[in-house]
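**Q** With the input below, show me the fold.
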Amino acid sequence: MGRQLQRDSILHITEINKRINRYRDLDSLLNHVLREARQLTAADAGSIYMIRNGCLSFEYVQNDSLAGPGHSPDFLYQHQTVEMDHRSIAGHVAITQRPLVLDDVYRLPPGVPYTFNPSFDQKTHYRTRSVLTVPLLNSRDRIMGIMQIINPRDRQKKDTVFKRDDEAIVTYFANLAAVAIEKALLTREIILRMIKMSELRDPEETAPHVNRVGAYSVEIYHRWAWEQHIDENQIQRTRDLLRIAAMLHDVGKIGISDSILKKRGKLTSAEFRRVQLHTVYGARLFTDVTSEWDEMAAQIALSHHERWDGTGYPGAIRDLSTPPRRLGPGLRGESIPIFGRIVALADVYDALMSQRSYKPCWKESDVLEHIENQRQGHFDPAVVDAFFAAYPVIQSIQKKYGNGNLSGG
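**A** From the prediction side, this is the model:
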């Protein structure tokens, strides 16, 4: 790499690093890190694996050739793990902690211990060729995961192979990005611990549930925002804020008595009114607004039980510091914040699709019929449209987190 090119690349990566350090949410960060790494090398696709329970877990993927307009492709949320051994390319790099460049994964050099798994190519009819794989190391030089960049293209958009300069640039960038990823992992762990506190009070408020609601919400929002012609950069910034805020939609239940939350059987009217106050308690946690995220989290906590037709709760609350004696009337239509409208649908969908202590799960067809029937009733019609447009992705999320997976996705 020439000195001037090296100097320019380092300055460019330094600017990128400033941008990625603004992201709080792990999934949004991985999305941005992967996009920036691909742009550095003009790569068509890429993926990130993170270490979960001693294995490499497939966390994020991008593919320009397979991407559709306005929302994420459904393969984004596929759940796949790779053993930490030398049999796979990802496992080999994770163990050796050294970058690896391959010109064609279908024609590997003789004598190497690893093989290429073609299942993704077979499923999607994609053709993986040149692959650059780099380790992601934390501040203690321990492996957190690996990043793969796939199929670089030249200026004429034709397939080419990765060069030595590409390896140096991506490795340098990965070292910087790993610091931001480590911080995002810590943020995710703090959020999950807060949720575990809620889970101690309300057994239905589990980590898989909030992971699903957070993921559903960002995908519904992405499709809704695309239909509203919102700038893509703004969409990405909002996704970063929305996922974590949506995950904490019911955190106010920590303020509700165990005798009510854990009661078997139907609640009395007075008990239900107490449960409704969890919206106020949750919003109160975020009243010291220091960022857009605090504002969004407060909006969602307060408004995710409002209904489009005005029959929801808690309605207009003038003073969050003093719980009102009586809630309502509910907000109506677009007076409900858009993020509350989105999380309302995501929360109801997940509740109906899940078995709870007091009910079995519904049939998927009945859930979808109910959501359609509640257009202009419980739900914003435009949000319903966005939900159905993004439904293949919603299904993938449901499958990924259906068994209690705690990781991002």
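
**Q** I would like the residues contacting stretch 334-347, please.
**A** Contacts to stretch 334-347, defined as Cβ atoms under 8 Å, 6 or more residues apart in numbering, come from residues 212-213, 216-217, 220-221, 224, 242, 245-246, 249-250, 296, 299-300, 302-308, 312, 371, 378-380, 383-384, 386-387. C-betas here are computed from N, CA, C, even on glycine.

**Q** can you map out the helices along the stretch 101-250 of the chain?
**A** Per DSSP state H, counting those that start in this stretch, the stretch 101-250 of the chain carries helices over the ranges 119-124, 164-201, 207-227, 232-247.

**Q** Of these, which is nearest P109?
**A** helix 164-201 (16.0 Å; Cβ to Cβ).

**Q** That closest one packs against which elements?
**A** helix 3-20, helix 26-41, strand 100-102, strand 131-137, strand 143-152, helix 207-227, helix 232-247 (3 or more Cβ pairs under 8 Å, 6 or more residues apart in numbering; DSSP states H and E).

**Q** change it to 7 Å
**A** helix 3-20, helix 26-41, strand 131-137, strand 143-152, helix 207-227, helix 232-247 (3 or more Cβ pairs under 7 Å, 6 or more residues apart in numbering; DSSP states H and E).

**Q** Show me the shaky parts of the stretch 101-250 of the chain.
**A** Low-confidence regions of the stretch 101-250 of the chain, defined by pLDDT under 70, span residues 198-206.

**Q** I'd guessed D250 sits against V275; true?
**A** No - using Cβ atoms under 7 Å, D250 makes no contact with V275, being 10.4 Å away.

**Q** picking that back up, looking at the helices of the stretch 101-250 of the chain, which is nearest to L132?
**A** Evaluated with Cβ to Cβ, the helices of the stretch 101-250 of the chain place helix 164-201 nearest to L132, the distance being 5.9 Å.

**Q** what angle do the closest one and strand 131-137 make?
**A** Angle of helix 164-201 versus strand 131-137, following axes from the mean of the first three to the mean of the last three Cα atoms, to 10 degrees, is 50 degrees.

**Q** now helix 164-201 and helix 232-247, what's the angle there?
**A** If you take the same axes, to 10 degrees, helix 164-201 sits at 30 degrees to helix 232-247.

**Q** domain ranges for the chain?
**A** 3-185, 202-400 (automatic domain parsing).

**Q** could you dump these to a markdown table with mean neighbour count?
**A** Compiled in a markdown table, those are given as follows (neighbours: other Cβ atoms under 10 Å):
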| stretch | mean neighbour count |
| --- | --- |
| domain 3-185 | 17 |
| domain 202-400 | 18 |
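
**Q** closest one to I191 among the ones you listed?
**A** Among these, domain 202-400 comes nearest to I191, with 5.9 Å by Cβ to Cβ.

**Q** Relative to the whole chain's centre, how far out is the closest one?
**A** Taking Cα atoms, centre = their mean, to the nearest Å, the mean C-alpha location of domain 202-400 is offset from the chain mean by 16 Å.
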